[in-house]
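>>> With the sequence up front, the predicted model follows.
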Amino acid sequence: MNITAIYGSPRKDGNTDLLLNAFLKEFENPDHIISRFYLRKMSISPCIECEKCYTTGTCVLDDDMKALYPKFKNSDIVVLSSPVFFYGLNALAKAMVDRSQCCWSQKYLLNQKHSETKPKGVFLTVGGSKGKRNFEGIILTVRYFFDALDIDFTNQLLVKEIDQKGAIKNHPTALDDACNLAKELLRS
């Protein structure tokens, strides 16, 4: 099984990094290939809305995003982790999502299939707010991101009221919930 793991946090070893690491532990064996991408270490420019991808299906920008495009198509599971920033993705993760416009163009304008079997999409997030609507904006964005990539958004883990670096370790269930989510995917 091929797993693409996208670490969306700007903070190394932050709560979403720890959550994603707990999820990935279940896949760390020779039967699985895990490709880890740390957006904070990558150079991904924002979309310039040139619309060239509307006719070519390819982004004109030449940066680290080029490493992600084939992974979106050739993975069995794509898992994105990102903290909630103002009810949405942080800038690093949002730039990656926006640069997936060429994938949307391939699917909806050029009628190109991304892969024979749809990969499964997983989203892991941590938000500091106590608000009831803390995850509404971020989930909408992630749902349409996976749709543009022709990935089946199958699972999510939303953890609220966690803000300080490393605080997820003190949550009574979050890290176990991430492990259990991975086990559930392995059984399906």
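Looks like it came in fine.
>>> what's the closest non-adjacent residue to the residue nearest the centre of the chain?
Central residue of the chain (Cα atoms, centre = their mean): Leu80, 2.1 Å from the mean position. Spatially, and ignoring its direct neighbours in sequence, Leu80 is nearest to Ile6 (4.6 Å; Cβ to Cβ, 6 or more residues apart in numbering). Backbone N, C-alpha and C define where each C-beta goes, glycine included.
>>> can you pull out the strands in the protein?
Secondary structure of the chain (DSSP state E): strands located at 2-7, 33-38, 77-83, 120-127, 152-160.
>>> quick check: angle from the longest one to strand 77-83?
What separates the directions of strand 152-160 and strand 77-83 is an angle of 30 degrees, with axes from the mean of the first three to the mean of the last three Cα atoms, to 10 degrees.
>>> Check which helices and strands strand 152-160 is in contact with.
Applying 3 or more Cβ pairs under 8 Å, 6 or more residues apart in numbering; DSSP states H and E, we find strand 152-160 packed against helix 15-24, strand 120-127, helix 136-148, helix 174-187.
>>> for those, which one sits closest to Cys59?
Closest to Cys59 of those is helix 136-148 (Cβ to Cβ; 12.6 Å).
>>> picking up where we left off before, I'd like to know which of the strands of the chain is closest to Cys103.
Cys103 sits nearest to strand 77-83 of all the strands of the chain, at 11.6 Å, using Cβ to Cβ.
>>> contacting residues around the closest one?
Taking contacts as Cβ atoms under 8 Å, 6 or more residues apart in numbering, the residues outside strand 77-83 that touch it are 1-9, 11, 14-17, 19-20, 23-24, 71-72, 89-90, 93, 119-127, 138, 142, 145-146, 149, 151, 185.
>>> how far away is the residue nearest to the centre of the chain from Gln101?
Leu80 sits 17 Å away from Gln101, going by Cβ to Cβ, to the nearest Å.
>>> If we ignore the residues flanking it in sequence, what's nearest Asp31?
What sits nearest to Asp31 in space, not counting adjacent residues and going by Cβ to Cβ, 6+ apart, is Met1, at 6.7 Å.
>>> okay, Ser115: pLDDT?
Ser115 carries a pLDDT score of 69 in this model.
>>> quick one: low-confidence ranges for the chain?
Low-confidence segments of the chain (pLDDT under 70): 114-115.
>>> Who are the contact partners of Val97?
With contact taken as Cβ under 8 Å, 6+ apart, Val97 is in contact with Leu89, Thr141, Val142, Phe145.
>>> my guess is the residue nearest to Asp31 contacts Asn74, does it?
No - when contacts are counted by Cβ atoms under 8 Å, Met1 is not listed as touching Asn74 (11.6 Å).
>>> now the residue lying closest to Ser82 once chain neighbours are set aside: how far from Met42?
Distance criterion Cβ to Cβ, 6+ apart; nearest residue to Ser82, sequence neighbours excluded, is Gly8 at 3.3 Å. For Gly8, the distance to Met42 equals 11 Å [Cβ to Cβ].
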